[in-house]
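A.B. asks: Next one to model:
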Amino acid sequence: MSTTIERPATAAPVTHVGRPLDRIDGHAKVTGAARYAADAPVGDVLYAVIVQSTVAGGRIAEIDETATRAVSGVVEVLTYRNAPKIPAFPFDFTVPFAEQLAPLQSDEIHYDGQHVALVIAETFEAAREGAVLLRITYAPGPFQATLEGAHETELPDNFFGNAMQVRRADPEAAFAASEITVDATYSTPVENHNPLEPSATVAQWRDGELIVHDASQWVLGSRAAYAKAFSVDETQVRVLAPYIGGGFGCKGFFWAHQTLAAMAAKVTGRAVKLVLSREQMFTSVGHRSSTRQRLRLGASRDGTLRAVLHDVQGESARVGAFFEPAGVVTPMLFAVPALSVSHRVAKLDIPSTTAMRAPGETPGTYALGCAMDELAYACGLDPLEVLRRNETETDGESGLPFSSRNLLACYERGAEAFDWSARTHAPRSMRDGGELIGWGVAAATYPAMRSRGEARVTIDAAGTIDVASATHDLGTGMYTILAQIAADALGADPRAIRVRIGDSAFPLAPVAGGSMSSASIGPAVHAAAERIRREVISIATSAGASPLHGLRADEVHVVDGILRAKDDPARAIAYADVVRLGGSGALEALGVAEPGKEQEEYSFHSFGAQFVEVRYDEELARLRVSRALGVFDCGRVLNAKTARSQMIGGIVWGIGMALLEETVRDDRYGAVVTNNLADYHVPVNADVPAIDVLFVEEPDLKFTALGARGMGEIGITGVAAAIANAVYHATGVRVRDLPIVPEKLLGGAAQAAWRK
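C.D. replies: Residues are numbered from 1 along each chain as shown. Below is the predicted model of the structure:
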């Protein structure tokens, strides 16, 4: 696996920013010093285990707690009969309740896997045994857990600022008049997050204050939700999440188990630890909903798009608010004069859906990317050439120019590195021994977002540099890039900088989602560090006891935490000495950064191209991805190593999406049956090929002064389409429903498909 960054000659000079610095939190993680939510050093702790519903609709008829309460060590059993009253709240992004359903408040059952009881005990083993022995009898009622025959559907107008029903010109007429048309339906299954760390909460009430150690991607959002649920002021709640073992969206909102942990702590008067089991993760913290996407493309014979009609069907929980906006990329990715995008959402009796890495863009780029490949074959053209011919300089939805768009450069760099010119066009025309070879390509994209962010930088009398913000590191490298940004601004070594994050007591930060953390907090750190630097130089040049006294600010530079006269390096003073000269004991600055009027002037997106090779052995029905290349335009790269890691992780996710991942429900009961990592398949080392990552780096200075756009989510987009397209090229079989398992490539129907 390799990474190449193509830096333009005009790029601003960098020192620490951009370098492939090792993660500064890496040592703590590999030695076990990093403490995750369930490792919180809280004494006198009780353990809680959730009991979940085994029916998808109806009511609880009877609860027998006798055997549970007889277990040695069981302290309490909470059900709707004795749980404290907690109101339900509608979703509000500033108070992010994922469900409009407060736990343990009634006997009603809304979906299979709903939390119906909580067993609290002195040990985890006792709590688990008590949960197993709890006897609950249900009066089952009707439910609807599949798209077919859904009783309630919605036509959403908006999804986080994006229109969900879009129309441009007369797409039906343009489609009918087109020389070449494609009309195909693509489907994606339910998928579940499976971060290494399951969701966990340790809650403790102390002198009226709620202290929570949480596996949360948004400590400030969780703080707001805890405060509202328990009717206390936000100043009475502190949420800590310094380390998170992956999240991918499932830890970005507020879930019932978090309320239950705080509720149990309040009832018992002791700290309570609640850790979801792997099985419970499949029903308790959201999932990516299934989609059915009909795409109709009309084009001229040269492959130029004339019309696109993209109709999306998805699902959402009756008690939830989230859905998968798969058509969100279609209005802006290509030049299309006539367009229609619609979303229809079925409200079902299922666990809530939620954000999962690049929600909307991931299934949307799959369907659109496959349709573009089908268009290329209908026109008799190379798929990459069709992508090139439909390039645009403006966002077709907003009408705004892109702040920076180097998608054509991504295509060119990728084609050269992948040796795309050696590809033969016809399906089944490339072979290596007994294996069919297929090459596929697709575009990748994700919006560049940012929100108000704050950071505090402090230098104390010992010279310690401290950076603090309520942001998070899910494994994305946030600790490291914030240290690099501060180091450049302060002229210091990144490893001499202490970064503290994941604490709601720290300055404001948005949810660690939407690939916005770097662009939101990075500029705030830079602003605070620059203020500190100016203040330090001011003290050093004005204090009579300073060796730099009398110099102008531009006559001083800082290297490795030492201020020196540019013309006389012997005249020098360390940060610690300057702080002491200032007489304050510490210098502190708060940096604030937020979007401005540029949001009204430009469309901000990142772009990329995914190139994939697959190999298919017809005798063994063995399909594998043998090579992958992602080329990305994400603005300035803040850390070449962590950026590479993000992209490789996204590509691996795309392999799982295309070939393996599928959450299966039993339609008779509404229950998830693939609720473990034996039955829910994700890529392992043997499934992951050589992956190359290239960056076409052009700092996007219209976006932020740092020029960087987020990288957490774009890596998965386009991968599934590139794989599906490569499978068609290899086999001649067009599989339009994921995952592409071998049985979909077997049999007479499949063989007849490619012969057509």
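A.B. asks: how much space between the closest residue to residue 244 other than its chain neighbours and residue 30?
C.D. replies: Distances taken as C-beta to C-beta, 6 or more residues apart in numbering place residue 474 nearest to residue 244, at 4.8 Å, with adjacent residues excluded. Bear in mind the C-beta positions are built from the backbone N, C-alpha and C, glycine included. Distance, residue 474 to residue 30, by C-beta to C-beta, to the nearest Å: 17 Å.
A.B. asks: of these two, who's got more company?
C.D. replies: residue 474 (24 against 10; other C-beta atoms under 10 Å).
A.B. asks: isn't that one right next to residue 250, touching?
C.D. replies: No - Residue 474 lies out of contact with residue 250 (C-beta atoms under 8 Å); the separation is 10.6 Å.
A.B. asks: And for the closest residue to residue 550 other than its chain neighbours, the neighbour number?
C.D. replies: For residue 550, ignoring the flanking residues on the chain, the nearest one in space by C-beta to C-beta, 6+ apart is residue 541 at 6.8 Å. By other C-beta under 10 Å, the residues close to residue 541 number 19.
A.B. asks: report the longest helix in the protein, please.
C.D. replies: Of all segments of type helix in the chain, defined using DSSP state H, the longest is helix 517-542.
A.B. asks: State the next helix or strand along the chain beyond it.
C.D. replies: strand 556-559 (DSSP states H and E).
A.B. asks: so what does that next one touch, helix or strand wise?
C.D. replies: In terms of contacts (3 or more C-beta pairs under 8 Å, 6 or more residues apart in numbering; DSSP states H and E), strand 556-559 is packed against helix 517-542, strand 562-565.
A.B. asks: 10 Å - rerun?
C.D. replies: Packing partners of strand 556-559 (3 or more C-beta pairs under 10 Å, 6 or more residues apart in numbering; DSSP states H and E): helix 517-542, strand 562-565, strand 568-574.
A.B. asks: ok and the last one relative to helix 517-542, angle-wise?
C.D. replies: Read it as strand 568-574. 110 degrees (axes from the mean of the first three to the mean of the last three C-alpha atoms, to 10 degrees).
A.B. asks: Need the contact partners of strand 568-574.
C.D. replies: Residues outside strand 568-574 that contact it (C-beta atoms under 10 Å, 6 or more residues apart in numbering): 463, 536, 539-540, 543, 545-549, 551, 555-565, 580-581.
A.B. asks: Touching, residue 333 and residue 445? I think so.
C.D. replies: Yes - assessed by C-beta atoms under 10 Å, residue 333 is found in contact with residue 445 at 5.7 Å.
A.B. asks: okay, the closest residue to residue 552 other than its chain neighbours: pLDDT?
C.D. replies: Leaving aside its chain neighbours, residue 552 sits nearest to residue 541 (7.1 Å; criterion: C-beta to C-beta, 6+ apart). Residue 541 is assigned 98 on the pLDDT scale.
A.B. asks: which of the helices and strands packed on strand 556-559 is buried the deepest?
C.D. replies: helix 517-542 (a mean of 24; mean count of other C-beta atoms under 10 Å).
A.B. asks: Where does residue 204 fall, secondary structure wise?
C.D. replies: Residue 204 is part of strand 200-206, with elements assigned from DSSP H and E.
A.B. asks: Now do the same contact list for residue 402.
C.D. replies: 332, 392-395, 448, 602-605, 607, 700, 702.
A.B. asks: Out of those, which end up buried?
C.D. replies: 332, 392, 395, 448, 602-605, 607, 700 (16 or more other C-beta atoms under 10 Å).
A.B. asks: quick one on the thing from earlier: what would the contacts of residue 402 look like in JSON lines with distance to residue 260?
C.D. replies: Below are those laid out as JSON lines (distance: C-beta to C-beta, whole Å):
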{"residue": "332", "distance to residue 260": "41"}
{"residue": "392", "distance to residue 260": "49"}
{"residue": "393", "distance to residue 260": "51"}
{"residue": "394", "distance to residue 260": "49"}
{"residue": "395", "distance to residue 260": "43"}
{"residue": "448", "distance to residue 260": "37"}
{"residue": "602", "distance to residue 260": "44"}
{"residue": "603", "distance to residue 260": "42"}
{"residue": "604", "distance to residue 260": "39"}
{"residue": "605", "distance to residue 260": "39"}
{"residue": "607", "distance to residue 260": "42"}
{"residue": "700", "distance to residue 260": "43"}
{"residue": "702", "distance to residue 260": "45"}
